[in-house]
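1. here is my input, please return the structure:
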Amino acid sequence: MSLTFLQNLDAIRGDKLVENKYALYVVNNYHLEHIWPPNHLVIIQRGTLFFHLNPRLCYEKIHQLQGSLKSGENISVADVSPNSNGERVICGDAVRSLNPKVEDLNSTAVRIILDYMDWEGMETLIGYSYHYKEAPVQNVTMYDGRHGCGHDNWLMDVVPNQSRRHVISGLKPYTQYAYFVKTLTRTEYHIQIDAYSKIGYFQTLPDRPSPVLRIYGSSEISSQILLHWWPPRRPNGVIKNYFVTAEKYNATKEAKDKNYVNVELENAKDIDCECAGVLPYYSGPQPDDEDYYNKEQITYEDALPNLIYVSRNHDYRRKEFEKVINYEHLLSIKKDEEPTRPPTTTPAPTNATLAKERLAAINYENYRLNSEKKQRDLQDLDQHKYTIRHALPKCQNSHASVVQQVEEKCVAEEPLSGYELPGTQHFYCLSQLEPETHYRITIRACVEGVVNGCSTPAEAVIKTASIQLERFIKGV
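-> Residues are numbered from 1 along each chain as shown. Model (predicted):
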């Protein structure tokens, strides 16, 4: 959100000032991130600025308005505080960068690992926030989808610990995601983001597809059934094959009276459900806690040192300055005030002194290495909690027993039967069938590169035409 909608604004005259001082008064705007468009100068002819409690507006952007003040008055910290503007976004060039990497992943989860944080960073580190979303194309920016009502389309995991590993779960198989990481740190005033990463990308592994969505069958020839079907709603990979089976079905009276021309899967919605409980990160509204932003306290603490500090030598120096006759007299006074120091000589170091210094250096290095090791161990705690499960490999013996599968940590390949069709084909004609007979049709979709990667069978019961109906259609 910005003030760029004021496209024709070139000057603020300041005819009426807030508190008889401020021409531009911007307070308590949680979503404000920019002021004017680039290369757009708005002259403030009278008055000054007041910016407070704008957590997404960087202090540097506000300070750029100094040149807009016609009065030339410097912006004071009481009017524009760096501690109540911009603490919820990444500001300044001194912000450190994180370097996250994808350490492991499967079809529904990914484990991200960060570089070790140094001692200085660990002192104020609270945790990390991991932001991610689907990205079919690698052209995502950090502020995509953000608008003034407080929403963006990034999902977010907040991790309130100092571990450098995190597992993002609940992902869709065979889907490309964009992600980035921020730190949450403690400061004197409030929580602040002080390090972030660039946007990275990863793609989850394929998995078993959802069932074939719908089967349509018709019979105009007594010995054939023509099938059409819709591909799975969630293929979860590249569909390599379809397997179609047909067997006689002993239909009940209810089944015989049913219309099988257009068959939709029962409970298809339940089988093909998607999690609807995951909501995008809601970035507002502003916190209601009064202590979170205390305008009076911040202004008081910023201005207090300048108000109470008075030089003790101020009156004495003024009296001495009044006694000065001319420039030469001033130089002679300074020369007399300079204390005379006796020449000093540095004694040559003895062997004992050198040995003591070497021992102190060794002790300090050992202390530094030990401290770094403790910090690294703290960031690597509980690594077993971040394990990602993977599908078991295929057993070499296709008829392996359950005991063999457990011992060898593998899975037996599931035998597939029926007519094998390419994944791009969505129709098939069953032939050599009996007339006026019900057949139970099943269709399975199989994903490439996944062991036992076939969907649950989609079923339909379809009846072949009678010989009389076939003759009628042919006009015989």
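2. just give the number of residues close to the nearest residue to residue 437 once chain neighbours are set aside.
-> Sequence neighbours aside, residue 464 is the residue nearest to residue 437 in space, at 5.4 Å (criterion: Cβ to Cβ, 6 or more residues apart in numbering). To be clear about C-beta, it is placed using only N, CA and C from the backbone, and glycine gets the same treatment. If you count neighbours by other Cβ atoms under 10 Å, residue 464 ends up with 23.
3. check contacts around residue 35.
-> Shown in contact with residue 35 (Cβ atoms under 8 Å, 6 or more residues apart in numbering): 2-3, 57, 61-62, 65.
4. can you select the buried ones from the residues you listed in ChimeraX?
-> Of the contacts of residue 35, the buried ones go into a single ChimeraX selection, burial set by 16 or more other Cβ atoms under 10 Å:
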select :3,57,61,62,65
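5. closest one of the contacts of residue 35 to residue 158?
-> Using Cβ to Cβ, residue 57 comes nearest to residue 158 of those, at 22.8 Å.
6. verify the stated contact: the closest one with residue 32.
-> Yes. With contacts counted by Cβ atoms under 8 Å, residue 57 reaches residue 32, the gap being 5.0 Å.
7. what touches both of these two?
-> In contact with both residue 57 and residue 32: residue 26, using Cβ under 8 Å, 6+ apart.
8. and the gap between the residue lying closest to residue 27 once chain neighbours are set aside and residue 81?
-> Leaving aside its chain neighbours, residue 27 sits nearest to residue 52 (5.2 Å; criterion: Cβ to Cβ, 6+ apart). Distance, residue 52 to residue 81, by Cβ to Cβ, to the nearest Å: 6 Å.
9. list the buried ones in stretch 75-86?
-> Neighbour counts using 16+ other Cβ under 10 Å place 75, 79-86 of stretch 75-86 among the buried residues.
10. for residue 372, which three-state class applies?
-> What DSSP: H, G, I helix; E, B strand; the rest coil gives for residue 372 is helix.
11. who's in contact with it?
-> residue 119.
12. and it, what pLDDT?
-> We have a pLDDT of 83 for residue 372.
13. swap in residue 266?
-> At residue 266, pLDDT is 49.
14. show me where this structure dips below the pLDDT cut-off.
-> Per-residue confidence for the chain (pLDDT under 70) gives these ranges: 92-95, 144-151, 187-194, 251-346, 476.
15. what residue is smack in the middle of it?
-> By Cα atoms, centre = their mean, the chain has its centre lying nearest to residue 131, at 1.0 Å.
16. okay, and the beta partners of residue 54?
-> Beta-bridge partners for residue 54, by DSSP bridges, are residue 85.
17. is it true that it touches residue 26?
-> Yes. Taking Cβ under 8 Å as the definition, residue 54 is a contact partner of residue 26 at 6.3 Å.
18. now the common contact residues for those two.
-> In contact with both residue 54 and residue 26: residue 32, using Cβ under 8 Å, 6+ apart.
19. please say which of these two ends up with more neighbours.
-> Taking other Cβ under 10 Å, residue 54 and residue 26 do not tie; residue 54 has more neighbours (26 against 19).
20. quick one: the strands in the stretch 101-250 of the chain?
-> 101-105, 110-113, 125-134, 155-159, 165-168, 176-186, 191-192, 195-197, 200-203, 214-218, 225-230, 239-248 (DSSP state E, counting those that start in this stretch).
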